[in-house]
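Undergrad: Quick one, what's the 3D model for this:
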Amino acid sequence: MDVYYVGTNSSTRDNFTISKGSYFKTQTEVDNFSVTHGTGAVNGNLTILDDDDESDPIVDLDGLSALNYVGGDFIIENNAALASFCGLYPLYDTGSIDGNSFISGNIANPTTADILARGLCETYEDYYDWMASFYLDATSQ
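TA: Presented below is the predicted three-dimensional model:
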């Protein structure tokens, strides 16, 4: 599988479709997806993996709110500052992911059910509070 870097002129674009796959490594690249592509699709894998240079960490996925199709695997991992998955709700609600979805190693790691249950916007603090509501606090008994 060829993976193309999004955000440079080397990206392959055709009518708001990124061919073969994409890799986001900065918040600017995530944000520029909706600016550059409007509604769109990725034909192939989509990977969101922070570049760890700390100058532009990925903190939210709002820029992907117009994404409606991923033709391969959708991988979101090892983003130390990623706390908001708000932008994924439309993709998981009405869009399509042909491959598997992998979310791990981030501040929050919601499941598909978590993303759908929490609706359009979710921050780590809200997610943590929501998850904590499922467990009994031993001190409150």
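
Undergrad: residues of stretch 45-65 that come out buried?
TA: For stretch 45-65, burial by neighbour count (16 or more other Cβ atoms under 10 Å) applies to 45-48, 50, 56-65. Every residue, glycine included, has its C-beta placed from N, CA and C.

Undergrad: Please list the members of these that lie in strands.
TA: The strands, defined by DSSP state E, take in 45-48 from those.

Undergrad: any idea which of the buried residues of stretch 45-65 is least confident?
TA: Within the buried residues of stretch 45-65, pLDDT reaches its minimum at residue 50, with 84.

Undergrad: how far away is it from residue 113?
TA: 25 Å (Cβ to Cβ, to the nearest Å).

Undergrad: Give the next helix or strand downstream of the strand or helix carrying residue 91.
TA: Following DSSP states H and E, one finds residue 91 within helix 89-94. Toward the C-terminal end, the helix or strand that comes next after helix 89-94 (DSSP H and E) is strand 96-97.

Undergrad: which residues touch residue 82?
TA: 48, 50, 57-61, 76, 106-108 (Cβ atoms under 8 Å, 6 or more residues apart in numbering).

Undergrad: All set now, cheers.
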